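Asker: Mind looking at a prediction? Sequence and model below.
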Amino acid sequence: MGAGWVAGVTRARAMLSRALGREKAEEVASAPGLDDAVRGLSATAYGHDLLPGASLADAQQAVGATLLWHLRVLAGWQPPAGANALRLLASGFEIANTRDHLRALTGSGPPRSPYRLGTLATAWPLLARTRSPQELRAALTASAWGDPGAASPAAVATGMRVSAAVRTAAA
């Protein structure tokens with residue numbers, strides 16, 4: 001095992017000390033309401049961006065952003081092969097960004113702040129600059145994501161999920 005892998009494993013073990021653990025996860029999951037769950041998470045590593053009174057969507061976004069941050073930190077300690085594996089694991093965040101961007105482009109949803117992917121992005125910086133569904137499809141086609149088959153939100157989401165699954169299985 002090379003030094004990069006040793007550093008990555010060491011960092012991963014250090015990050016485990018901040019994990020919720022089974023008991024805390026069960027406590028949050030069985031909270032009587034969203035406000036109680038948010039309060040339960042607020043004193044943990046996942047409470048950084050959680051605000052009291054957050055909507056379910058905002059709470060999910062904040063918890064997801066914390067998870068993504070942890071993946072980004074871990075990727076920074078990995079050799080290239082490890083960072084590539086983490087990029088595959090983070091593909092759901094790029095799919096969510098693309099879904100939200102496409103909703104904003106088509107007027108079917110409000111603009112949302114995208115997840116900050118950093119080096120875990122596959123094509124997000126390019127996708128974020130598109131100004132139409134057709135331009136988004138062309139950008140996807142030219143990237144590792146491949147052609148989703150159509151520019152509709154359903155086709156893009158399905159195409160990206162299938163692409164992520166294929167690339168993950170191949171890796």
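Answerer: Looks like it arrived, so ask away. The structure displayed is predicted, hence computed values, not measured ones.
Asker: name the helices or strands packed onto the lowest-mean-pLDDT helix or strand in the chain?
Answerer: Of all helical and strand segments in the chain, the minimum by mean pLDDT, DSSP states H and E falls on helix 3-16, at a mean of 79. In terms of contacts (3 or more Cβ pairs under 8 Å, 6 or more residues apart in numbering; DSSP states H and E), helix 3-16 is packed against helix 56-76, helix 80-89. Every residue, glycine included, has its C-beta placed from N, CA and C.
Asker: Which parts of this protein are helices?
Answerer: Using DSSP state H, the helices found in the chain span residues 3-16, 21-29, 34-42, 56-76, 80-89, 91-106, 124-128, 133-141, 153-170.
Asker: How far does the first one sit from its chain's centre?
Answerer: Relative to its chain's centre, helix 3-16 lies at 21 Å (Cα atoms, centre = their mean, to the nearest Å).
Asker: I'd like the helices and strands packed on helix 3-16 laid out as JSON lines, including mean neighbour count, distance to residue 118 and mean pLDDT.
Answerer: Shown next, in JSON lines, are the helices and strands packed on helix 3-16 (neighbours: other Cβ atoms under 10 Å; distance: least, Cβ to Cβ, whole Å; pLDDT from 0 to 100):
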{"stretch": "helix 56-76", "mean neighbour count": "17", "distance to residue 118": "5", "mean pLDDT": "93"}
{"stretch": "helix 80-89", "mean neighbour count": "16", "distance to residue 118": "10", "mean pLDDT": "93"}
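Asker: picking that back up, go through the least confident helix or strand of the chain and flag the buried ones.
Answerer: For helix 3-16, burial by neighbour count (16 or more other Cβ atoms under 10 Å) applies to 8, 11.
Asker: Please identify which of the helices of the chain is closest to residue 113.
Answerer: Evaluated over these, closeness to residue 113 peaks at helix 56-76, with 7.6 Å, by Cβ to Cβ.
Asker: so the closest one versus helix 21-29, what angle?
Answerer: Helix 56-76 and helix 21-29 are oriented at 160 degrees to each other (axes from the mean of the first three to the mean of the last three Cα atoms, to 10 degrees).
Asker: Does helix 56-76 pack against any helices or strands, and if so which?
Answerer: helix 3-16, helix 34-42, helix 80-89, helix 91-106.
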